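> What follows is a predicted protein model with its sequence.
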Amino acid sequence: MGTDTSNTTVMASSERQPARFAPSMQRYALLIALVIFIAIFSIMRPTTFFTLGNLATILSTQSALVILAIGVTIVLLVGEFDLSVASVMGMSASAVAFFTTNANIDPVLACVIAVLFAVVVGLVNALFIVWLGINSFIVTLGMGTLVTGIAVGVFGSMTLGGLPNGFTTVFQTQIEGVQLSFIYMIVIGLCFYVALSFMPVGRSMFFTGNARKAAMLAGIRTDRIRTVSLILASVLSALAGIVLSGQTAAASPTIADAFLLPAYAAVFLGSTAFTPGRFNVWGTIWAVYFLAVGTTGLQFLGLQSWVVNVFEGAVLILAVAFAEIFARSSRH
């Protein structure tokens, strides 16, 4: 009897080990993949990829994309889409460039105007999506085209350069090779990470996106949460555009078009890490840098640009698939 009991205990313990190991692998698989990517590219291109200069460049250049992706995270968390974020980002960057160069407006005021434009876009999106009940995918797809058209009409289609040094210095100044824009991104990321992970508003947003009717019955003001989320996504898009214009010292209405796919790919990929099956800020940030390491490494290998497009597209498809798989497993 003692032997049987001992064997049963050992078997039960061995069965529990994989059960504990599997969730850990899900949580940290993205970090493991990132380390593997870094190791592979460092071995293949040790003199160009595996350098502090390249690390600092990757950290700095992805700041605007991370801020944009955090906005996408917020919208997806409440169960909506916003395909206008890249257009708002481009509009804001163009607005800052136009007002500071052509209109000689103070950079701070120019940034405030750009953010106000974004708030208006978010409010209009909320009006059609939340209050009129129109599908967010359709509304924001149209809004993105509308915003780009207005930006081209108002600010012109040409790239505007020569932004004031006092403005660009705020973003381009380096600390140990890393631009200040990276510091701003970290601060924004930490604020939203704490709010969405540890504060009641984060839980309300999660329930709004995953069980809206139940959330309403529980007293959560889901319409208000969706409205605020859409506005926040637009504001963060504007901030991303401001950061981008400060980093590049130039802008055009279409400068951010290429940011939309990587932003969504990062958010869906990030939802498979740390809290699998749930959109989360920490996962989004790491996913952005996973994509950046992948694309940078492929470029250093001398591969053609279409390979990078294939990589980003494949990551988006696989990320959506894994996110759905993890979401289903968390419900059962």
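Structure received.
> Can you list the low-confidence ranges for the protein?
1-25, 326-332 (pLDDT under 70).
> Would you map the helices across it?
2-44, 52-61, 63-77, 85-101, 107-126, 136-155, 165-172, 180-198, 200-210, 212-217, 222-248, 260-270, 281-300, 305-331 (DSSP state H).
> what about the closest residue to Thr168 other than its chain neighbours, how many residues close to it?
Spatial nearest neighbour of Thr168, chain neighbours left out: Ala249 (4.8 Å); criterion: CB to CB, 6 or more residues apart in numbering. C-beta here means a position set from N, CA and C on the backbone, and glycine is covered the same way. Residues lying near Ala249 (other CB atoms under 10 Å) number 17.
> Please determine how far Ala249 is located from Leu316.
Note on Ala249: its distance to Leu316, by CB to CB, to the nearest Å, is 30 Å.
> Also Tyr193?
Using CB to CB, Tyr193 is found at 23 Å from Leu316.
> returning to what we had before: ok, now which ones touch the residue nearest to Thr168?
Gly161, Gly162, Leu163, Thr168, Gln172 (CB atoms under 8 Å, 6 or more residues apart in numbering).
> Equivalent analysis for Asn125, please.
Asp82, Ser84, Ser136, Val139, Thr140, Met143, Leu230, Ser234.
> again, only using 7 Å
Asn125 makes contact with Asp82, Ser84, Val139, Thr140, Met143, Leu230, according to CB atoms under 7 Å, 6 or more residues apart in numbering.
> ok, back up a step: compare the contacts of Ala249 and tell me which is most surrounded.
Of all the contacts of Ala249, the highest neighbour tally under other CB under 10 Å goes to Leu163, namely 22 neighbours.
> was I right about His242 contacting Ala110?
Residue 242: Ile, not His. No: proximity of Ile242 to Ala110 does not meet the contact threshold set by CB atoms under 7 Å, at 8.8 Å.
> Any chance you could list residues touching both of these two?
Shared contacts of Ile242 and Ala110 (CB under 7 Å, 6+ apart): Val96.
> quick one: which of those two has more around it?
The neighbour comparison of Ile242 against Ala110 (other CB under 10 Å) goes to Ile242, with 29 against 25.
> For the residue nearest to Thr168, give me phi and psi.
When read as degrees, to the nearest 10, the backbone of Ala249 gives phi 60, psi 20.
> what do you get for Glu176?
phi 60, psi 40.
> Tally up the residues packed near the nearest residue in space to it that is not next to it in sequence, please.
Of all residues not flanking Glu176 in the chain, Ala56 sits nearest, at 7.3 Å (CB to CB, 6+ apart). The local packing of Ala56 (other CB under 10 Å) involves 17 other residues.
> any idea how far Ala56 is from Leu291?
Taking CB to CB, one finds Ala56 at 18 Å from Leu291.
> Thr227 too?
For Thr227, the distance to Leu291 - CB to CB - is 30 Å.
> and if you look at Val154?
In this view, Val154 and Leu291 are 32 Å apart by CB to CB.
> If you count surrounding residues, which of these two has more?
Remark: of Val154 and Leu291, Leu291 carries more neighbours, 27 against 13, as counted by other CB under 10 Å.
> who's in contact with that one?
Leu291 neighbours (CB under 7 Å, 6+ apart): Pro262, Ala265, Ala266, Glu312, Val315.
> which ones are touching the last one?
The neighbourhood of Val315, defined by CB under 7 Å, 6+ apart, consists of Ala265, Leu269, Leu291.
> at 10 Å instead, please
When contacts are counted by CB atoms under 10 Å, 6 or more residues apart in numbering, Val315 touches Leu261, Pro262, Ala265, Ala266, Phe268, Leu269, Ala287, Phe290, Leu291, Gly294, Thr295.
> What is the neighbour count of the fourth one?
If you count neighbours by other CB under 10 Å, Ala266 ends up with 32.
> repeat for the second one
Burial of Pro262 is recorded as 23 neighbouring residues (other CB under 10 Å).
> roughly how far apart are the residue most central in space within the chain and Gly153?
Residue closest to the average C-alpha location in the chain (CA atoms, centre = their mean): Ala69, at 1.3 Å. Going from Ala69 to Gly153 by CB to CB gives 28 Å.
> Met185 now?
As judged by CB to CB, Met185 and Gly153 stand 31 Å apart.
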